[in-house]
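Asker: Using only what follows, build the 3D model:
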Amino acid sequence: MSSEMSAIMTEAREDPLSHGLLVPRRHVSHLSRRTPHIPLTGASMPSSQHAYLIEQSASSSECKRAAPREVQVRSFPGHTGGDSVVLIPDAKIVFCGDLWFRNIMPTLNDASTQPLIETLDALAKSEPDYTFVPGHGEVGTAPDVGAFREYLATLRKLVSDAQAQGKSGDALAEAVMPALTTKYGRLEFFTLMAKPNIQQTEAELSGTKRIPQAENEKVR
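Answerer: Residues are numbered from 1 along each chain as shown. Next up, the predicted model:
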């Protein structure tokens, strides 16, 4: 963790409201796990304080100034119908939420893997020297984001190739598993999540997966 990021975490730990802690309301527990010593509330923050609860934004980019820092909030597709990303430009930090899992198998229940790949490409390209904070796993860099992107691309290709061979269901999962295990078996929760990832990607590529759409919600 960079010294600048450590300083931000220290400020937030000492006085999280007055330092403008931004938390996606639906994922309060995720950020608290990444910064376990910061007290968080997901329901009632005094409106007089410089703190904001962020939901899915109707616009692609919002900017809030919390205390002396500029905080940018952008909306990207991929993990769900729409996900919020929080950037702190002067500290070069990006809070990715569940758009990025580092060295951990993702949940893809509501995901669209191609838009997610495009989101990860955009973030890594636009902020190449930033520190990235994932929804799950340790903080990392743009190349670490790229490694997760490659997992998704590999998963899509393996599933697509198996579909082209006429496979589906359990037969498809069995066909994909050896290659996926060879390359990514080291990831945490691989045994638990590999088959669901394969099945959900198969449903997505087959056009049978229900994927939620972003609602036009305002940043509060």
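
Asker: Quick one: the strands in the protein, in order.
Answerer: Using DSSP state E, the strands of the chain run over residues 22-24, 52-54, 61-66, 69-76, 83-88, 93-101, 131-136.

Asker: So for the third one, mean pLDDT?
Answerer: When pLDDT is averaged over strand 61-66, the result is 49.

Asker: got it, and the first one?
Answerer: Mean per-residue pLDDT for strand 22-24: 45.

Asker: Which parts of this structure are helices?
Answerer: Secondary structure of the chain (DSSP state H): helices at 3-14, 28-34, 113-126, 142-164, 169-184, 190-206.

Asker: Relative to D161, how far out is D83?
Answerer: From D83 over to D161 the distance is 29 Å, taken as CB to CB, to the nearest Å. (C-beta placed from N, C-alpha, C; glycine too.)

Asker: Among the two, which residue is more densely surrounded?
Answerer: More crowded of D83 and D161, by other CB atoms under 10 Å: D83, with 26 against 14.

Asker: related to what we said a few turns ago, just send the helices of the chain back as JSON lines, with distance to V133 and mean pLDDT too.
Answerer: Shown next, in JSON lines, are the helices of the chain (distance: least, CB to CB, whole Å; pLDDT from 0 to 100):
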{"stretch": "helix 3-14", "distance to V133": "8", "mean pLDDT": "57"}
{"stretch": "helix 28-34", "distance to V133": "6", "mean pLDDT": "41"}
{"stretch": "helix 113-126", "distance to V133": "12", "mean pLDDT": "97"}
{"stretch": "helix 142-164", "distance to V133": "11", "mean pLDDT": "98"}
{"stretch": "helix 169-184", "distance to V133": "22", "mean pLDDT": "98"}
{"stretch": "helix 190-206", "distance to V133": "21", "mean pLDDT": "98"}
